[in-house]
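Asks: can't give you the sequence, but here's the structure:
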Ligand code: HEC
């Protein structure tokens, strides 16, 4: 083995080793910076995990609007239902799927109300009302009974003196 050449080869080897180490350590620095960023700011890559977590947290952080418990003219404003005996039971069982206003705009006899409840139980997933059912039916039949008063009579076509427009 010739010495001069050997030294030159050795120098070359050292130099290329040194370059390789500098080259590789730049990767280490980049990775380290990435790790620090990740630790401080979270993943920079879009992932549905943190987004979902934020979505789940959002409602909890939002202040809940206070339930509007005002009553005007005997009508509970938030549900549109008349405040009377059985109101709380009806509110608890009947306003989860639809507004109480849907109830308040209907009129029926006790049997009619029971039929509506059976229909919802058969087709809409309304639960068995058990001991609450008579309470609910009493409330409905009392407060939302068929209204005959104030309704005009059916038109008696024969008795009307029709007039011709424009005469
Ligand atoms: C499990 C869900 C659910 C519950 C609880 C519920 N309903 Fe309903 N109800 C429905 C659905 C669904 C409809 C149909 C709504 C529509 O047509 O938009 C409906 C319709 C109605 C209607 C309108 C019927 C018509 O002919 O237009 C009335 C009145 C009514 N419900 C009364 C009640 C009463 C009283 C209670 C409490 C005993 C109650 N609902 C509880 C699901 C429910």
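Replies: It's in. What you see is a predicted model, and the numbers here were worked out from it, not measured in a lab. Numbering: from 1, shown residues only.

Asks: which secondary element of this structure has the worst mean pLDDT?
Replies: helix 48-61 (a mean of 56; mean pLDDT, DSSP states H and E).

Asks: Quick one: mean pLDDT for the longest helix along the chain?
Replies: When the chain is parsed with DSSP state H, its longest helix is helix 3-41. The pLDDT scores in helix 3-41 average 86.

Asks: tally of neighbours for residue 82?
Replies: 19 (other C-beta atoms under 10 Å). Quick note: C-beta positions are derived from backbone N, CA and C, even for glycine.

Asks: Show me what from the chain comes close to the ligand.
Replies: 93-94, 96-98, 102-103, 106, 116-117, 120, 124-126, 136, 140 (C-beta under 6 Å from any ligand atom).

Asks: Please tell me how far the helix or strand harbouring residue 141 is from the chain's geometric centre.
Replies: Using DSSP states H and E, residue 141 sits in helix 132-143. Between the centre of helix 132-143 and the centre of its host chain there is 30 Å, according to C-alpha atoms, centre = their mean, to the nearest Å.

Asks: List the neighbouring strands of the helix or strand following the least confident helix or strand of the chain plus their orientation.
Replies: Beyond helix 48-61 on the C-terminal side, the first helix or strand identified by DSSP H and E is strand 71-72. Sheet pairing here is set by DSSP bridges, and for strand 71-72 it gives strand 75-76 (antiparallel).

Asks: All set now, cheers.
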